[in-house]
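Build me a model from this:
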Amino acid sequence: MNKALKDTIQSSEKVASLFSSISSEVILSIFFGFLFLYLFAKTLNWALEYLAIKIPSYRLSILQFNTIATHITYIVGSLWILYVAINPSKEMVYAIMGSGAVAIGFSLKDLVSSIIAGIILIFDRPFQVGDRISFRDNYGDIIRIGLRSVRIRTLEDSVVTIPNNLFLSENVSSANSGERDMMVCSDYYFKNNVDLNQVLPILDEVTRTSRFAYLNKPVKIITSSEKFEEIVGLKITVKAYVLETKYEKDFTTDITKRFYQGLRDESLEDSLISSTSF
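Model prediction:
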């Protein structure tokens, strides 16, 4: 039997002796301590979310702080409760740490990987709570960055839970990177003989006059050739910023509806490419 294995067995025996000596009073104090910690964390979370609603201009910053505060509350609170209730000696602390490391290494590999990844995500900040991201087939808003996983609310109002460690090995795209506004791209397809001098001003006007548009950032309209099976047409892309991520679909709906109405008013609707043209 090698030395490392002997040390592990000895550490486990010390931990076992520690827990065998724990009285019912200690168990009750730990239970009520964790109950209080849970209620305190929930109250803190509710208070910060309520504050975010009341101060919308700082909503993202408050939600991001809420994530960090919740993590610290659970980690520090749990360690403090156990230390005060059990009051272990230094030898016992070292034994617990050794046994815990072995258990984590053999039994909780994936969980520990996600927890470490969660800590990295908090400090590296590839995205934040409130960001609208695209990951694999999921597109939506980050509503929570937990110790084990990230939760995304999709545009279909579904909540998707993704383990933290996946974000360290795969690409993730953030549409707003901590900002309230975000760029929205809308594509429209026309026949190649369309008069752009008539179409582009209409699109520019309906975009700039949309009540969801964020005009402190530029509006760009890009045209390019596009092949549609047997015909070649024009693809017109408008790139503009929306006031807040939650208005993304409202913004595209608004400008598309008013753009098509403008085309009908100018008798230009026949220049659009439809599925029957393919």
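
From here on, just use CA atoms for contacts and neighbour counts.
Fine.

residues of the lengthiest strand in the chain that come out buried?
Longest strand in the chain by number of residues (criterion: DSSP state E): strand 231-242. Neighbour-count burial for strand 231-242, counted by 16 or more other C-alpha atoms under 10 Å, picks out Gly233, Leu234, Lys235, Ile236, Thr237, Val238, Lys239, Ala240, Tyr241, Val242.

ok, now stretch 249-256?
So for stretch 249-256, counting by 16+ other C-alpha under 10 Å, buried means Phe251, Thr252, Ile255, Thr256.

in what helix or strand does the last one lie?
Under the assignment given by DSSP states H and E, the secondary-structure element containing Thr256 is helix 248-265.

With pLDDT added, can I get the buried residues of stretch 249-256 in TSV?
Shown next, in TSV, are the buried residues of stretch 249-256 (pLDDT from 0 to 100):
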residue	pLDDT
Phe251	95
Thr252	94
Ile255	95
Thr256	94
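
Among those residues, find me the one that's closest to Ser29.
Phe251 (54.3 Å; C-alpha to C-alpha).

ok, which stretches of the stretch 51-200 of the chain are strands?
All strands of the stretch 51-200 of the chain, identified by DSSP state E, counting those that start in this stretch, fall at 132-135, 138-145, 149-154, 159-163, 173-174, 182-191.

Please identify the buried residues of the last one?
By 16+ other C-alpha under 10 Å, the buried positions in strand 182-191 come out as Met182, Met183, Val184, Tyr189, Phe190, Lys191.

want to throw those into CSV with pLDDT?
Shown next, in CSV, are the buried residues of strand 182-191 (pLDDT from 0 to 100):
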residue, pLDDT
Met182, 93
Met183, 94
Val184, 94
Tyr189, 91
Phe190, 91
Lys191, 87
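
Worst mean pLDDT across the helices and strands of the protein, which element?
Within the chain, no helix or strand scores below helix 3-20, which has a mean of 55 by mean pLDDT, DSSP states H and E.

Quick one: end-to-end distance for stretch 140-152.
Stretch 140-152 has an end-to-end distance of 6 Å (criterion: C-alpha to C-alpha, to the nearest Å).

Could you do stretch 210-226 as well?
With C-alpha to C-alpha applied, stretch 210-226 spans 27 Å between its terminal residues.

Return the distance of it from the chain's centre.
Chain-centre distance of stretch 210-226: 26 Å, with C-alpha atoms, centre = their mean, to the nearest Å.

do you know how far Thr223 is from Ile162?
37 Å.

should've said Ile221
Counting by C-alpha to C-alpha, the separation of Ile221 from Ile162 is 36 Å.

ok so, going back, return the closest of the buried residues of strand 182-191 with respect to Val26.
Met182 (52.6 Å).

didn't the closest one look like it was pressed against Tyr247?
No: contact between Met182 and Tyr247 fails when scored by C-alpha atoms under 8 Å: they sit 9.7 Å apart.
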